[in-house]
Structures are given as C-alpha cells and as structure tokens.
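> Only the shape, not the letters, is given here:
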C-alpha cells in the first residue's frame, strides 16, 4: 500500500469522525466523552501518525517512507475502531484499543529515531516536536490504562490522559507543523521558524505537562503551565497578526484556517484556566476544542496537502487549481468555526449549526476534488 492513498483514506475518516462526533450526541444517548473520543481515536490520531510518516523523510532528508512504516497509522486506525465499538457496546473493551494505540505510538517512535540516525547533518527541529508529541501520547495512553487498574484514581488519570492527548500529542504536533506550514501557505519567508522551534520546545512541553497534571490534581499547576505557553504562543500570534498579517489573513486559502487554529488554541487555553477555577463548564471547554482548534487545523492542512496527495508529480497547474477550490471561502469557514466554538463555551447548543455548515462546505469541496482527480 502506498502512503498517499492511505493519507486520503485517513483524511476522509477524520472528516467522517468530525461529522459523527458532532451529530450523534443529538441522535443517540452517549457517554459525555464519546464525541471527542470518536473524533480523536477514529480520525485525529491515525491521521497525525500518517502525516508524521509523510513528513519525517522530509525533516530527516532520507528516502521516502517504506511500506512497513505505514503499520503505525493502520494500527492507530484499528485502535480507533475498537474504542468506537467500546463506546457504543461495551466500555470494558477500551483497554484493548489503548494497547493497540500504544503499540502504534511506540512503533512510530522507534521508526523516527532510526530515521534521525540516518540524517545527513542535523534533522529539522520539527522532528523533535514530533518525538515529544508521541511521548505525550504514550504517557496519555499509559495513564488511561493505569486508570483501568486503579479505579480509585480513575477521574484524575482520565483528566491527565485527556490533556496529554489534546495539548501534548495534538498541540505539539500542530505547533511543530504550523510554524513551518504557515509561511509555506502564506507565501512568505520566515527565518525565525527554525530558531523558534529550537527555543520554545522546552517551555511548550513543560507547559503541556503542567496543564495536564494540574487538570488531574492541582489548578495551580495548570496556571503555571499556561504561563509557560503564553510567551511562545503570543510570539507566534504576533507574527501572524502584525508582521505577516497581509500574507496570512486572506479570504481564500489555507493560511487563514491555520492561523485561526492558533488563535483558537489561545482561546482554549484561557477558557481551560477559567474552568480550572470554576468559571466555565468543563464539558463545554472540551467540546469547544473541536471547532476552535481541530477543525480549522485539519481543514487548513488538508487544503494545502490534499492536492499534493492526489495529483501527479510536476502537475503544478492542477495542484494549484485543487488548492484554490479547497481554500475557497476559508475565511468564512474559519469565522463559522470560531462562532460555533464561542457559542459552545457560552453553553449555547445551537453553536453546532455554524460548525456543521462550515464542515459540510469543506467536505463537499473535498469530495468534489476527489471525484475530479481522474
């Protein structure tokens, strides 16, 4: 199996996971954590592992990914299927999904380390962010398995698991990728991207760990973690809002969606801190993670990358045409995602309406692009 077809399948699975995670709670009685788990385990985790497999050869300047390197993404997809089954039928099965996800993360980590050793010179600093993200995922999966063995600590370990996955695994992967992808999609040079990645990883990593530990045991730790995140995130946002404003914020294209994801992440960090001190509902903050961060992140990255995956090498005109189609009205989509997320934080269930409209618009563009690829 080749990597590009797998990535396309994983992207479609992720978009389907978004739709089901957003709609099913209104159609079936589900556990409160089910929507996010459907989206994360069935879509985001396999997609990120597939994307890492795609990017690592570039970051290490090594040969293209071999077929065996696709196993972690496929294992992660299997883990997501098991977990989804457990959410609907028997929650006692979830440890099997967690173990499969753990094997996938360890396998991919070992493969990355091997590629790192094969690099001529130094690997790109983004590789370290991917390795740290996988470490966060491994710790998150171990914590939920520990919760199975230690039922008295279930609530605390579940919170640790949630934040290590969302801010650790997804957050580190996203920021490590966005710092490089934003200049590419915006068409501007950013000589500070590499130095920023090298300088900020200790603060972002420590901040994610402290926020996760604080969510489990102490709000004061979460506040400290937030303070570690704010300077690097603020520096990145400053460059997007001031230095590169005209290049980034466009009516159409991938860069607006990606920059919106960075803005949404800041909103989520502040709302998470408000929740830690009892000012916001926890379930609303968790649910808002989907439209404020995940949806603009995935739609923006897919706008740029999907045309690369479905066109022949060297077919630049068709690649640009597909990218233009996928990025059409991205500013409107981003605004709808932000509006929906803000309404969810305000405990307004109808916030799902603008979110679903924006998701449907993008999904139709993806399906049309795939239909016309031949």
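Everything's here; your move. In this text the structure is predicted, and so the values were computed from the model without any measurement.
> Look at the residue sitting furthest away from the middle of the chain and report its pLDDT.
Relative to the centre of the chain, and counting by CA atoms, centre = their mean, the farthest-placed residue is residue 152 at 30.5 Å. Note for residue 152: predicted pLDDT of 91.
> Over to the one 5 residues further on?
pLDDT, residue 157: 93.
> which residues in the stretch 151-300 of the chain form helices?
Assigned by DSSP state H, counting those that start in this stretch, the stretch 151-300 of the chain shows helices spanning 154-163, 172-186, 193-216, 219-238, 245-248, 254-276, 282-289, 295-310.
> buried ones in the fifth one?
Neighbour counts over helix 245-248 (16 or more other CB atoms under 10 Å) mark 247-248 as buried. C-beta: built from backbone N, CA, C; applies to glycine.
> Can you tell me which helices and strands it packs against?
For helix 245-248, the elements it packs on are helix 172-186, helix 254-276, judged by 3 or more CB pairs under 8 Å, 6 or more residues apart in numbering; DSSP states H and E.
> Tell me where the model's unsure across the stretch 251-374 of the chain.
272-282, 313-314, 372-374 (pLDDT under 70).
> Quick one, grab the pLDDT at residue 209.
Note for residue 209: predicted pLDDT of 94.
> Now do the same contact list for it.
136, 164, 168, 225 (CB atoms under 8 Å, 6 or more residues apart in numbering).
> Quick one: which of those is the most crowded by neighbours?
Counting neighbours by other CB atoms under 10 Å, residue 164 comes out on top of the contacts of residue 209 with 29 neighbours.
> Does that one touch residue 142 like I think?
No - when contacts are counted by CB atoms under 8 Å, residue 164 is not listed as touching residue 142 (9.2 Å).
> do you know how far the residue positioned nearest the centre of the chain is from residue 249?
Closest residue to the average C-alpha location of the chain: residue 170 at 4.2 Å, with CA atoms, centre = their mean. Distance, residue 170 to residue 249, using CB to CB, to the nearest Å: 23 Å.
> Equivalent analysis for residue 268, please.
20 Å.
> Also residue 302?
As judged by CB to CB, residue 302 and residue 249 stand 19 Å apart.
> More neighbours: the two, which one.
residue 302 (25 against 17).
> residues contacting that one?
Taking CB under 8 Å, 6+ apart as the criterion, residue 302 is in contact with 11, 326, 362, 366.
> Pick out the most distant pair among the contacts of residue 209.
By the measure CB to CB, 136 and 225 form the most distant pair in the contacts of residue 209, at 12.8 Å.
> Name the residues contacting each of those two.
Common contact partners of residue 136 and residue 225 (CB under 8 Å, 6+ apart): 208-209.
> show me the contacts for residue 320.
Here residue 320 is in contact with residue 307 (CB under 8 Å, 6+ apart).
> Spit out the contact partners of residue 101.
Taking CB under 8 Å, 6+ apart as the criterion, residue 101 is in contact with 41, 45, 75-76, 79-80, 137, 141.
> could you pull out the helices for the stretch 1-150 of the chain?
Assigned by DSSP H, counting those that start in this stretch, the stretch 1-150 of the chain shows helices spanning 3-23, 34-39, 45-60, 71-88, 94-117, 126-149.
> Lowest average pLDDT across those helices?
Mean pLDDT values for those show the minimum at helix 34-39, a mean of 82.
> who touches it?
With contacts defined as CB under 8 Å, 6+ apart, helix 34-39 is touched by 14, 17-18, 20-22, 24-25, 83-84, 87, 162, 286-287, 289-290, 294.
> What subset of those residues is buried?
14, 17-18, 20-22, 24-25, 83-84, 87, 162, 286-287, 289-290, 294.
> I figured residue 293 was touching residue 265, is that so?
Yes - Residue 293 is in contact with residue 265 according to CB under 8 Å; the separation is 5.1 Å.
> Which neighbours do the two have in common?
Contacts common to residue 293 and residue 265, judged by CB under 8 Å, 6+ apart, are residue 174.
> list the contacts for the residue lying closest to residue 48 once chain neighbours are set aside?
Among residues not flanking residue 48 along the chain, residue 173 sits closest, at 5.4 Å (CB to CB, 6 or more residues apart in numbering). By CB under 8 Å, 6+ apart, the residues touching residue 173 are 48, 51-52, 129-130, 133.
> Out of these, which comes closest to residue 253?
Looking across the contacts of residue 173 and measuring by CB to CB, the closest to residue 253 is residue 51, at 19.5 Å.
> From residue 329, how far out is that closest one?
Computed as CB to CB, the residue 51 to residue 329 distance reads 24 Å.
> the more surrounded of those two?
residue 51 (20 against 16).
> these two touch, right, that one and residue 4?
No - using CB under 8 Å as the test, residue 51 is too far from residue 4 to be in contact (11.6 Å).
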